[in-house]
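1. show me the folded form of this:
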Amino acid sequence: MQALSRELNPECEHVAGDMRTLRLGRAFDAVLVHDAVMHMTTKEDLDAVARTAFAHTRPGGVAIFAPDCVRETFQEHAMLHAREDGARALRCLEWAWDPDPWDDTFVTEFAFLLRRGSEMKAVHDRQVFGLFSRKTWLRILGEAGFLVETPARHPDGRVDTFFVCRRA
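-> Numbering: from 1, shown residues only. Next up, the predicted model:
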């Protein structure tokens, strides 16, 4: 991913790091924590990400947290992805579901069929993602030091949540 990003964005600085512990020693006007935050599966990990973002947001700056969903907006769903490139083709069933609605996670199963010429291969991948309530997000972001707003967004016609976090 870094190599591709360097190729597409040669003017940008690229730094590999863990969003829970990275410390660059500088602050920015804006920090974006996009959907990779879904990989945080504990409140402690989410808290560490919030504190990292706070450490990198200058006073008067803003951090935006954009999880795919929060507990209140999660819905089980399945999607089919299809791509072709010459003799290669992919079909993928992506199925997000919550095997235990009482914990802070959900699972997305990926079932891939990969074709190259006349050869076919099946691959399964399981990803566990964090699923926290809006209240938990607000508490953790506030405890990190942010003043938090939650404007509604409407991607693809559905209402979801993101968090605009200002550092005083």
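
2. lowest-pLDDT helix or strand in this structure?
-> In the chain, no helix or strand scores lower on mean pLDDT, DSSP states H and E than strand 152-153, which sits at a mean of 70.

3. how far out from the middle of the chain is the helix or strand following that strand?
-> Scanning forward in sequence from strand 152-153 by DSSP states H and E, the next helix or strand is strand 160-161. Computed by C-alpha atoms, centre = their mean, to the nearest Å, the chain-centroid distance of strand 160-161 equals 13 Å.

4. what sits up against strand 160-161?
-> The contact list for strand 160-161 (C-beta atoms under 8 Å, 6 or more residues apart in numbering) reads 67, 68, 69, 70, 72, 73, 134, 137, 150, 152, 153, 154. The C-beta positions use only the backbone N, C-alpha and C, and glycine is treated the same way.

5. same question for stretch 81-97.
-> The contact list for stretch 81-97 (C-beta under 8 Å, 6+ apart) reads 74, 76-80, 106-117.

6. filter these to the buried ones?
-> If you count burial by 16 or more other C-beta atoms under 10 Å, the buried members of the contacts of stretch 81-97 come out as 74, 106, 108.

7. roughly how far apart are residue 141 and residue 151?
-> 14 Å (C-beta to C-beta, to the nearest Å).

8. swap that for residue 44, please
-> Counting by C-beta to C-beta, the gap from residue 44 to residue 151 is 27 Å.

9. quick revisit: out of the contacts of strand 160-161, what pair is the most spread apart?
-> 137 and 154 (18.8 Å; C-beta to C-beta).

10. list the contacts of the spatially most central residue of the chain.
-> Nearest residue to the geometric centre of the chain (C-alpha atoms, centre = their mean): residue 35, 1.7 Å. Shown in contact with residue 35 (C-beta under 8 Å, 6+ apart): 66, 67, 68.

11. for residue 32, same thing?
-> The contact partners of residue 32, by C-beta under 8 Å, 6+ apart, come to 63, 64, 66.

12. can you list the domains in the chain?
-> Domain segmentation of the chain under automatic domain parsing yields 28-71+131-166, 78-127.

13. what about the helices in this structure?
-> All helices of the chain, identified by DSSP state H, fall at 2-8, 43-55, 134-143.
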